[in-house]
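Chemist: Return a 3D structure for these sequence lines:
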Amino acid sequence: MTDYAAIYRLEAERYDAMVSAEDVDREVRATIAGKQSLVGATVVEVGVGTGRITRQLMDLGARVIGVEPEAPMLRIAHDHVRALGGNPADLVVGALESLPFADASADLGVAGWVFGHQRTFEPDRWRRTVTTGVRELDRVVRKDGWILLFETLGTAIEAPGVRPDLAELQSYLEEELGFSRSVLRTDYSFASADEAAEALGFFFGDAIAARIRERGWSRVPEWTGCWARRSPGPLGATRGT
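Modeler: Numbers count the residues shown, from 1 in each chain. So this is what the prediction gives:
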């Protein structure tokens, strides 16, 4: 199994290059923009990574405040934010279970490809971590502001699907935490199938790299789920137990 934590610590630049090729049709951006206007809004982002979603939020007119646990990833995000004229100090090292932001300080909350990792990183307590993270977003996001969680539904496959462990998490988001799911097509686009296989193989593994080469895919199918619900606001949120 891929050691994602090691990639985030040791190969942040390579990861950034890979995700910069994702979502060629900008479906994530369109989904966010369709929920509420972000012009002049403040968005709290959990798991900033190298700034993949951060940049899209800024392009939509938002100020982004956020946390990322891995300093190498955050340094790249800071560079991207600086290049767009934003304030890198708005993005800090931190974790989803304890957001360093005031109650009701954001208009919208976003977490991209964050909660799914908890199922792998913390197999014995992921429900507690996920619940606490969602309640922290509820605390920080103003009442009736949207909370959007993006998670994978499959890479290099023809139709959306999900591993059994992530299916359990995604059912928990819907059945226990009140989120509704929509499906996005967020393909990667590269100059050639060989470039695609090289870029994606390091993260997703040799089997996917081989499939990409076999199919001759320079545009690689990618599926993403968006789990969305409105925040009850700080008064409706409590710390996880």
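
Chemist: Just confirm Leu149 is within a strand.
Modeler: Yes: per DSSP: H, G, I helix; E, B strand; the rest coil, Leu149 lies within a strand segment.

Chemist: what's across from it in the sheet?
Modeler: Beta-bridge partners recorded for Leu149 (DSSP bridges): Ala111, Trp227.

Chemist: what bits of the chain have low per-residue confidence?
Modeler: 1, 235-241 (pLDDT under 70).

Chemist: Going by secondary structure, the residue of it most remote from its centre is in what exactly?
Modeler: Distance from the centre of the chain peaks at Glu214, with 28.9 Å (C-alpha atoms, centre = their mean). According to DSSP states H and E, Glu214 maps onto helix 206-215.

Chemist: next helix or strand past that helix?
Modeler: strand 219-220.

Chemist: For the longest helix anywhere in the chain, buried residues please.
Modeler: Secondary structure of the chain per DSSP state H: the longest helix is helix 126-140. Of the residues in helix 126-140, 126-127, 129-140 count as buried by neighbour count, 16 or more other C-beta atoms under 10 Å. All C-beta atoms are positioned from the backbone trio N, CA, C, and that covers glycine.

Chemist: and what of stretch 83-93?
Modeler: Gly86, Asp90, Leu91.

Chemist: tell me how far that stretch is from the chain's mean position?
Modeler: Counting by C-alpha atoms, centre = their mean, to the nearest Å, stretch 83-93 is centred 17 Å from the centre of its parent chain.

Chemist: Straight-line length of that stretch, end to end?
Modeler: 20 Å (C-alpha to C-alpha, to the nearest Å).

Chemist: Identify the residues contacting it?
Modeler: 45, 48, 51, 54-55, 58-59, 63-69, 71, 74, 77-79, 81-82, 100 (C-beta atoms under 8 Å, 6 or more residues apart in numbering).

Chemist: re the thing from before, check the gap between the residue farthest from the centre of the chain and Ala196 for me.
Modeler: Relative to Ala196, Glu214 is positioned 12 Å away (C-beta to C-beta, to the nearest Å).

Chemist: do the same with Asp3
Modeler: 22 Å.

Chemist: Likewise for Pro232?
Modeler: 42 Å.

Chemist: And the strands in this structure?
Modeler: Ranges of strands in the chain, per DSSP state E, are 42-46, 63-68, 91-93, 108-112, 146-155, 180-185, 188-189, 219-220, 222-230.

Chemist: do you know which of the ones you listed lies nearest Leu173?
Modeler: strand 222-230 (4.9 Å; C-beta to C-beta).

Chemist: Buried residues in the closest one, which are they?
Modeler: Glu222, Trp223, Thr224, Gly225, Cys226, Trp227, Ala228, Arg229.

Chemist: so the fifth one sits right up against Arg29, yeah?
Modeler: Spelled out, it's Cys226. No: at 11.6 Å, Cys226 does not count as touching Arg29 under the criterion of C-beta atoms under 8 Å.

Chemist: More neighbours: which of Asp3 and Ala196?
Modeler: Taking other C-beta atoms under 10 Å, Asp3 and Ala196 do not tie; Ala196 has more neighbours (26 against 9).

Chemist: my guess is that one meets Gly216, correct?
Modeler: No: in this structure Ala196 lies outside contact range of Gly216 using C-beta under 8 Å: 9.5 Å.
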